[in-house]
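Colleague: just coords:
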Ligand SMILES: NC(=O)C[C@H](N)C(=O)O
């Protein structure tokens, strides 16, 4: 958008960078509640005002912030409909040419799922940056204001363009896809299974030491996505077919089996995988370990037999994020095509 048009349309100085801050809740917005426990309360304007109070409004005069709110909830209550609402709200904001970037504040408990939905469907060179907090605003050492300041700096930086969806947390910049919350309380709780951060926030500017791989975007979720049921079944000594069969009986269109080690379900679960696939269910093969890729090494009830039965190994993608991809693909394709597209996308992700 040329500068005159931008100034006319948004009333801000032509050369200013406009960042929309979309608040959805989470610890960054939470306060102690009279009925017990910490609950999401603060809206986007409150979060922006707190920057000033904590001395984190030091991102310079050239950035104009626009607060928006999308309900204010703790993210452990989210369902597919909530994730879809966030994705559509971000897309709506990016329909505006006067916006240079979007920051979404979000609970960390299920942030990886929202990162996945936004990451798989983002179709714009402008940055979308998610952030949150591990300590609430009424904690003496809340990390929310610094994380929000860092996320705004990253969203406003030209270096963040064409890097898809990013997470900024604890001074680190991460690609959205491949992330999971790996620690309950750590100041930077997010980890990749095999990769590391894209960059850091040094002083007042993001410093990228590598670039995110940008996957071909999928269509935004529709109501069919919200109707998908994709369950997850853990492998463990003595695990049998009961829970996987129950998921299929409950109408699951997809199931992820989290095998032991590099993705070894055990013979009983391999049998259940065969049954589920015969019933038209898309099966992903993950691992219950905390790091490293799924590796198809062992027979006799291991990953080799699960893949031979038709399960798709999930590589480095965490099961919580693969679940979103499976629901997206199943909502727009018959199961055979969805399986091929899932395998192709996981292979291309390396
Ligand atoms: N740190 C957090 O944001 C956790 C919070 N329970 C949430 O809404 O996800």
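Modeller: Nice, thanks for sending it over. Keep in mind it's a predicted model, so treat the numbers as computed, not measured.
Colleague: use CA for all of it now, contacts and neighbours both
Modeller: Noted.
Colleague: dump the residue contacts of residue 41.
Modeller: Remark: with contacts taken as Cα atoms under 8 Å, 6 or more residues apart in numbering, residue 41 is in contact with 25, 29, 30, 31, 72, 73.
Colleague: which PyMOL command selects the buried ones in these?
Modeller: For the buried members of the contacts of residue 41, the matching PyMOL selection, counting by 16 or more other Cα atoms under 10 Å, is:
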select buried, resi 25+29+30+31+72+73
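Colleague: residues from the chain in reach of the ligand?
Modeller: Residues of the chain that fall close to the ligand, judged by Cα under 6 Å from any ligand atom: 26, 27, 74, 75, 76, 107, 108, 109, 110, 132, 133, 134.
Colleague: now those: which count as buried?
Modeller: Buried subset of the residues of the chain next to the ligand (neighbour count, 16+ other Cα under 10 Å): 26, 27, 74, 75, 107, 108, 109, 110, 132, 133, 134.
Colleague: and residue 346, that one's in a strand?
Modeller: No. With DSSP: H, G, I helix; E, B strand; the rest coil as the criterion, residue 346 is located in helix rather than a strand.
Colleague: if we can go back for a sec, just send the residues of the chain next to the ligand back as JSON lines, with secondary structure, distance to residue 38 and pLDDT too.
Modeller: Formatted as JSON lines, the entries for the residues of the chain next to the ligand read as follows, by DSSP: H, G, I helix; E, B strand; the rest coil; distance: Cα to Cα, whole Å; pLDDT from 0 to 100:
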{"residue": "26", "secondary structure": "coil", "distance to residue 38": "10", "pLDDT": "97"}
{"residue": "27", "secondary structure": "helix", "distance to residue 38": "8", "pLDDT": "97"}
{"residue": "74", "secondary structure": "coil", "distance to residue 38": "9", "pLDDT": "96"}
{"residue": "75", "secondary structure": "helix", "distance to residue 38": "13", "pLDDT": "98"}
{"residue": "76", "secondary structure": "helix", "distance to residue 38": "13", "pLDDT": "97"}
{"residue": "107", "secondary structure": "coil", "distance to residue 38": "12", "pLDDT": "98"}
{"residue": "108", "secondary structure": "coil", "distance to residue 38": "14", "pLDDT": "98"}
{"residue": "109", "secondary structure": "coil", "distance to residue 38": "14", "pLDDT": "98"}
{"residue": "110", "secondary structure": "coil", "distance to residue 38": "17", "pLDDT": "98"}
{"residue": "132", "secondary structure": "coil", "distance to residue 38": "15", "pLDDT": "98"}
{"residue": "133", "secondary structure": "coil", "distance to residue 38": "13", "pLDDT": "98"}
{"residue": "134", "secondary structure": "coil", "distance to residue 38": "12", "pLDDT": "98"}
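Colleague: any idea which of these is closest to residue 96?
Modeller: Nearest to residue 96, judged by Cα to Cα, of the residues of the chain next to the ligand is residue 132 at 24.6 Å.
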